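>>> let me see the structure of the following:
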Amino acid sequence: MTWGKDIKKFYNEIGMKIEKKDKESIKKFYEFRKELLREEYLEFLEASSSEDTIDALIDLCVIAIGTLELFGVDTEKAWKEVLKANKAKIVGKKESRPNPFGLPDLAKPIGWKPPFHGNNKGILEEVL
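Now for the predicted structure:
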């Protein structure tokens, strides 16, 4: 996955970083990033063209992955961990989510384990 590396490089080029490392500043920056995600999500919901939809979805990815990078999470490692957990699910029906299209869905089998991010949490633990 090169997205994380590409975004990290771009952020470095423009000087995007967490300036202050005290807990209060980190929390404020985290809330700022959440607001950016909310704005992009609303743009996606309001998109009325394929162009706007693509832009909003990619911007959501850039901000989400960029946030992980800014907070010191190894996005490649996190991606692999989440993908591994998703691949351990089984094709089935999730009762809590209607699926009127009849497309394959994933369900958690007995014994399924969620992704484990261990020591790959960066400074997110400062805010959560």
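>>> how far away is the residue nearest to T75 when sequence neighbours are not counted from I65?
Spatial nearest neighbour of T75, excluding adjacent residues (CB to CB, 6 or more residues apart in numbering): G4 at 3.2 Å. All C-beta spots, glycine's among them, are computed from the backbone N, C-alpha and C. Going from G4 to I65 by CB to CB, to the nearest Å gives 6 Å.
>>> do the same with E95
Note on E95: its distance to I65, by CB to CB, is 31 Å.
>>> ok, these two, which is more surrounded?
Remark: of E95 and I65, I65 carries more neighbours, 21 against 8, as counted by other CB atoms under 10 Å.
>>> what ranges do the helices span in the protein?
3-14, 23-46, 50-70, 75-87 (DSSP state H).
>>> next, the angle from the last one to helix 50-70.
Between the direction of helix 75-87 and that of helix 50-70, the angle (axes from the mean of the first three to the mean of the last three CA atoms, to 10 degrees) works out to 110 degrees.
>>> now do helix 75-87: which elements does it pack against?
helix 3-14, helix 50-70 (3 or more CB pairs under 8 Å, 6 or more residues apart in numbering; DSSP states H and E).
>>> go with 6 Å
The contact analysis (3 or more CB pairs under 6 Å, 6 or more residues apart in numbering; DSSP states H and E) places helix 75-87 against helix 50-70.
>>> mean neighbour count, the helices of the chain: which tops it?
Ranked by mean neighbour count under mean count of other CB atoms under 10 Å, these are led by helix 50-70, which reaches a mean of 17.
>>> and that one, what does it pack onto?
Against helix 50-70 (3+ CB pairs under 6 Å, 6+ apart) you get helix 3-14, helix 23-46, helix 75-87.
>>> could you tell me the angle between that helix and helix 23-46?
Helix 50-70 runs at 160 degrees relative to helix 23-46, counting by the same axes, to 10 degrees.
>>> what comes into contact with helix 50-70?
By CB atoms under 6 Å, 6 or more residues apart in numbering, the list of residues contacting helix 50-70 from outside reads 3-4, 7-8, 18, 33, 36-37, 40, 43-44, 47, 75.
>>> fine, thanks again, bye for now.
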